[in-house]
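> Here is a sequence together with a model predicted from it:
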Amino acid sequence: MNTPKTFLQKLLPARNPNKVRDSFWSRAFDLFNITLMMVVVLATLAPFLYILLGSLTEADYYRLHGVSINPAHWSLASYEILFSASSRLIPAFRVTFISTVIGTTLGLFVTSSLAFVVSRRELPGHKALIMMLFVTMIFNGGMVPFYLIVDGLKLTNTIWSMIIPFLSDAWFVFILVKFFESLPQELLDAARIDGCSEIDLYFRIVLPLSKPVLATIGLFFAVYFWNQWFWPMVFIQDSEILPLQVILRSILSSLLPVTNPNAAMQQARMASEMPPVEVMRMAAIMVTIVPIAIVYPFLQRYFVKGVMIGAVKG
């Protein structure tokens, strides 16, 4: 006769009858691990959920009671203002999106092509090239020389100042080098015997076999370009091409209103009442978080496999 399972029995992993019976301490340790992981998940999601619910809370209710979890007190007024024609976030969102797409694409091409060259051990000066890449991971020229180089290339105050100086990273190059060296050499030799040039070998053989590691590094590039704020503040003076994170930082620091003050009357007509500044800030944070968070699930199957490259093999 089957007896109903208790909550603890449902929560803990099922016992394997072929193994020695688990001890009390082993089961208690499993319960502790599960409880700890649930606490970590809740602690991680709590700030995100608070910001999400706060951005949706009606203005009057927020002023009186704070954040509401009741959908009856939710409103999209803050998002309507953020995506209105007078919002500062629209052009900033456009600049960040363009720089992220172009930067990630070019970054993958530059990094993977450099890694393909470095992975060729028979290349003259191979060790010197490895050493030069390694030195850049430890030392850098400093902020002033970096700015002078970017300014000398006439990139300051353009969107390219957020892209071209950051198209490669030595750590990403070494990860790709390790992966390229693990590819079957027989396959590459067979392609060369069939008349495949090195360029064709790179585009038609190496890159299609490198989807996991390219997806992983592409995600790193996308997150970096999406979250840029420091160097754009240094290189860009034109407010029309400031990226999203710089605008968000100014909003959170109370240095810049969410919308153009000259359009205040238009905003008041669009929304029944202007939401509190805190609600507008939380909505602005959600606008910056959600797009890059949406990308991750589509790359998740490649991410774990790509990030483990070189973790087992020496």
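Received, thanks. Remember, predicted model here, so these are calculated numbers, not experimental data. Numbers count the residues shown, from 1 in each chain.

> which residues touch Tyr79?
55, 283, 287 (Cβ atoms under 8 Å, 6 or more residues apart in numbering). Heads up, the C-betas are built off the backbone N, CA and C, glycines and all.

> Might you calculate how far whichever helix or strand the first one is part of sits from the centre of the chain?
When secondary structure is defined by DSSP states H and E, Ser55 falls within helix 24-56. Chain-centre distance of helix 24-56: 22 Å, with Cα atoms, centre = their mean, to the nearest Å.

> for it, which positions count as buried?
Judged by neighbour count (16 or more other Cβ atoms under 10 Å), helix 24-56 contains these buried residues: 51-56.

> Then stretch 164-173?
164-170, 172-173.

> Please convert the buried residues of helix 24-56 to a markdown table, extending it with distance to Ser197 and pLDDT.
Formatted as a markdown table, the buried residues of helix 24-56 follow (distance: Cβ to Cβ, whole Å; pLDDT from 0 to 100):
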| residue | distance to Ser197 | pLDDT |
| --- | --- | --- |
| Ile51 | 52 | 90 |
| Leu52 | 52 | 89 |
| Leu53 | 57 | 90 |
| Gly54 | 57 | 89 |
| Ser55 | 54 | 88 |
| Leu56 | 56 | 88 |
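
> got CSV for those, with distance to Ala215 too?
Formatted as CSV, those follow (distance: Cβ to Cβ, whole Å):
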residue, distance to Ala215
Ile51, 28
Leu52, 27
Leu53, 32
Gly54, 33
Ser55, 30
Leu56, 33
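
> Looking at these, spot the one nearest Gly103.
Ile51 (26.5 Å; Cβ to Cβ).

> do you know how far the closest one is from Met282?
5 Å (Cβ to Cβ, to the nearest Å).

> Next: Cys196.
Shown here: Cys196 relative to Met282, a distance of 54 Å by Cβ to Cβ.

> Between these two, which is the more surrounded one?
Taking neighbours as other Cβ atoms under 10 Å, Cys196 and Met282 compare with Met282 leading, 23 against 16.

> give the contact list for that one.
Applying Cβ under 8 Å, 6+ apart, the residues contacting Met282 are 51-52, 54-55, 78.

> Would you mind giving the residues you listed as JSON lines with distance to Glu122 added?
As requested, those are exported to JSON lines (distance: Cβ to Cβ, whole Å):
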{"residue": "Ile51", "distance to Glu122": "54"}
{"residue": "Leu52", "distance to Glu122": "54"}
{"residue": "Gly54", "distance to Glu122": "59"}
{"residue": "Ser55", "distance to Glu122": "57"}
{"residue": "Ser78", "distance to Glu122": "60"}
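
> quick one, domains of this structure?
What automatic domain parsing lists as the domains of the chain is 20-77, 89-256.

> so of these, which one's packed in deepest?
Neighbour counts (mean count of other Cβ atoms under 10 Å) averaged over each of the domains of the chain peak at domain 89-256, with a mean of 16.

> quick one, helices of the stretch 101-250 of the chain?
126-138, 143-152, 170-182, 185-193, 198-200, 207-209, 211-226, 230-235, 244-252 (DSSP state H, counting those that start in this stretch).

> Of the buried residues of stretch 164-173, just say which sits nearest to His126.
Relative to His126, the closest of the buried residues of stretch 164-173 is Val173; by Cβ to Cβ it sits at 13.3 Å.

> is it true that Val206 touches Ser182?
No - proximity of Val206 to Ser182 does not meet the contact threshold set by Cβ atoms under 8 Å, at 11.5 Å.

> any common contacting residues for those two?
Common neighbours of Val206 and Ser182 (Cβ under 8 Å, 6+ apart) do not exist.

> quick one, what contacts Leu209?
Residues in contact with Leu209, defined by Cβ under 8 Å, 6+ apart, are Leu183.

> Roughly how far does it sit from Ser239?
For Leu209 relative to Ser239 (Cβ to Cβ), the value is 45 Å.

> repeat for Ile98
Going from Ile98 to Ser239 by Cβ to Cβ gives 16 Å.

> what do you get for Leu155?
For Leu155 relative to Ser239 (Cβ to Cβ), the value is 18 Å.

> so how far is the helix or strand hosting Val95 from its chain's centroid?
Using DSSP H and E, Val95 sits in helix 89-118. Taking Cα atoms, centre = their mean, one finds the center of helix 89-118 at 12 Å from the center of the full chain.

> Average pLDDT for it, rounded please.
Average pLDDT, helix 89-118: 92.

> Once you drop chain neighbours, what's closest to the most centrally placed residue in the chain?
A centroid search over the chain (Cα atoms, centre = their mean) returns Val223, at 2.5 Å, as the residue closest to the centre. Closest residue to Val223 apart from its sequence neighbours, by Cβ to Cβ, 6 or more residues apart in numbering: Ile292 at 6.1 Å.
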